[in-house]
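J.: Predicted coordinates and the sequence they were generated for:
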Amino acid sequence: MNFIDKLSAAWTANHSLLCVGLDPDLAKLPAELRDTPDGITTFCTRIIDATADLACAFKPQIAYFAALGAEKQLEDICRYLRDNYPHIPLILDAKRGDIGATATQYAREAFERYGADAVTVNPYMGEDSLDPYLAWPDRGVIILCRTSNPGGSDLQFLDTDGVPLYQRVARLVAEKWNKNGQCALVVGATFPEELAQVRAIVGDMPLLVPGIGAQGGDIAATVGAGQTANGMGMMISSSRAIIYAQPQDGEDWTDAARRVAIETRDAINQHRAV
């Protein structure tokens with residue numbers, strides 16, 4: 001099953017647009033896991049178990065693993081997700097961008113080493129830097145467009161023939177680069193007006209939408225701006241707010257993560273068209 005088909009099936013099966021991010025920070029892990037060799041693996045797999053029926057995708061951020069020399073743990077986590085929840089898309093959040101020869105190796109890293117269904121990439125170097133990812137016809141290529149950070153406007157609002165650069169990127173992806181029908185765009189929840197403009201340009205193309213939860217994006221505005229006519233089309237990502245949720249009333253940390261994931265999924269669904 002290709003990325004878009006798997007994502008569409010997960011939207012329907014779990015009635016969810018929630019993408020759960022996996023960003024393990026040793027300082028924030030439960031105390032019993034901080035000094036154990038498999039602490040990162042245990043933490044992430046237990047988060048997956050607690051939220052798999054609530055998510056349309058999981059998104060490990062590679063920097064959190066690489067900074068700790070924990071790439072082997074990331075391999076184990078990705079394998080666990082594929083083996084136990086093969087119907088849930090695995091998105092490797094890497095935001096890679098480089099010349100073709102190097103990009104070929106990054107694509108192998110994402111799709112061979114980690115077995116990801118999709119990977120995030122940076123389009124700054126143009127189409128030939130994306131071709132090695134597009135050479136994998138069943139895998140998703142999720143391209144940065146309008147990012148959730150304040151500094152994104154430094155470049156993304158530059159005028160290009162009368163339109164801001166982020167809209168130019170959206171149109172290039174929709175009209176030229178989406179050769180396999182497996183592309184998506186990253187558009188932040190912190191800018192709902194721009195999110196609506198991207199949706200108008202790309203039609204029903206999926207959008208990966210970070211910026212709710214710890215970054216403060218408004219869920220109602222986000223869903224209203226980015227959903228498709230059938231109430232789908234989005235992977236609304238939340239990481240820290242879910243995986244580091246504070247336990248309440250006798251909960252353990254997995255209970256807390258599940259509670260916040262339910263609350264987030266339900267808040268998103270409240271504003272969907274269907």
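T.: Thanks, I have the structure now. Numbering: from 1, shown residues only.

J.: And stretch 182-197, end to end?
T.: Stretch 182-197 has an end-to-end distance of 21 Å (C-alpha to C-alpha, to the nearest Å).

J.: would you list every one of the helices in the stretch 101-250 of the chain?
T.: For the stretch 101-250 of the chain, the helices defined by DSSP state H, counting those that start in this stretch occupy 127-134, 153-156, 165-172, 192-202, 219-226, 240-243.

J.: Show me what counts as buried in stretch 44-51.
T.: For stretch 44-51, the neighbour count (16 or more other C-beta atoms under 10 Å) marks 44-48, 50-51 as buried. In this view, the C-beta of every residue, glycine as well, is placed from N, C-alpha and C.

J.: Would you convert those into CSV that also reports distance to Gly100, secondary structure and pLDDT?
T.: As requested, the buried residues of stretch 44-51 are exported to CSV (distance: C-beta to C-beta, whole Å; DSSP: H, G, I helix; E, B strand; the rest coil; pLDDT from 0 to 100):
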residue, distance to Gly100, secondary structure, pLDDT
Cys44, 32, helix, 98
Thr45, 35, helix, 98
Arg46, 39, helix, 98
Ile47, 36, helix, 98
Ile48, 34, helix, 98
Ala50, 40, helix, 98
Thr51, 37, helix, 98
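
J.: Reformat the residues you listed as JSON lines; add distance to Arg258.
T.: Putting the buried residues of stretch 44-51 into JSON lines (distance: C-beta to C-beta, whole Å) gives the following:
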{"residue": "Cys44", "distance to Arg258": "14"}
{"residue": "Thr45", "distance to Arg258": "14"}
{"residue": "Arg46", "distance to Arg258": "10"}
{"residue": "Ile47", "distance to Arg258": "9"}
{"residue": "Ile48", "distance to Arg258": "11"}
{"residue": "Ala50", "distance to Arg258": "4"}
{"residue": "Thr51", "distance to Arg258": "6"}
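
J.: Name the nearest residue to Asp76, ignoring sequence neighbours.
T.: Using C-beta to C-beta, 6 or more residues apart in numbering and skipping residues adjacent in sequence, the residue nearest Asp76 is Thr41, 5.1 Å away.

J.: I'd assumed that neighbour was in a strand, is it?
T.: No. The assignment for Thr41, made by DSSP: H, G, I helix; E, B strand; the rest coil, is helix rather than a strand.

J.: Who are the contact partners of it?
T.: 73, 76-77, 80 (C-beta atoms under 8 Å, 6 or more residues apart in numbering).

J.: of those, closest to Pro247?
T.: Lowest distance from Pro247 to those (C-beta to C-beta) belongs to Ile77, with 22.4 Å.

J.: OK, contacts around the closest one?
T.: Applying C-beta under 8 Å, 6+ apart to Ile77 gives the contacts 22, 40-41, 44-45, 48, 60.

J.: Heading C-terminal from the helix or strand harbouring it, find the next helix or strand.
T.: In this structure, Ile77 is located in helix 71-84 according to DSSP states H and E. Using DSSP H and E, the helix or strand that directly follows helix 71-84 along the chain is strand 91-96.

J.: That following strand versus helix 127-134: what angle between them?
T.: Counting by axes from the mean of the first three to the mean of the last three C-alpha atoms, to 10 degrees, strand 91-96 points 150 degrees away from the direction of helix 127-134.

J.: ok, and what's touching strand 91-96?
T.: Taking C-beta under 8 Å, 6+ apart as the rule, strand 91-96 contacts 19, 21, 57-62, 78, 103, 106, 109-110, 114, 116-122, 140, 142, 144, 208, 235.

J.: repeat for stretch 2-19
T.: Here stretch 2-19 makes contact (C-beta under 8 Å, 6+ apart) with 1, 53-59, 87-89, 91, 117-118, 137-140, 180-182, 206, 208, 223, 227, 232, 234-238, 261, 264-265, 268-269, 272.

J.: Just the buried ones out of those residues, please.
T.: Buried residues within those, defined by neighbour count using 16+ other C-beta under 10 Å: 53-59, 88-89, 91, 117-118, 139-140, 180, 182, 206, 208, 223, 227, 232, 234-238, 261, 264-265, 268-269, 272.
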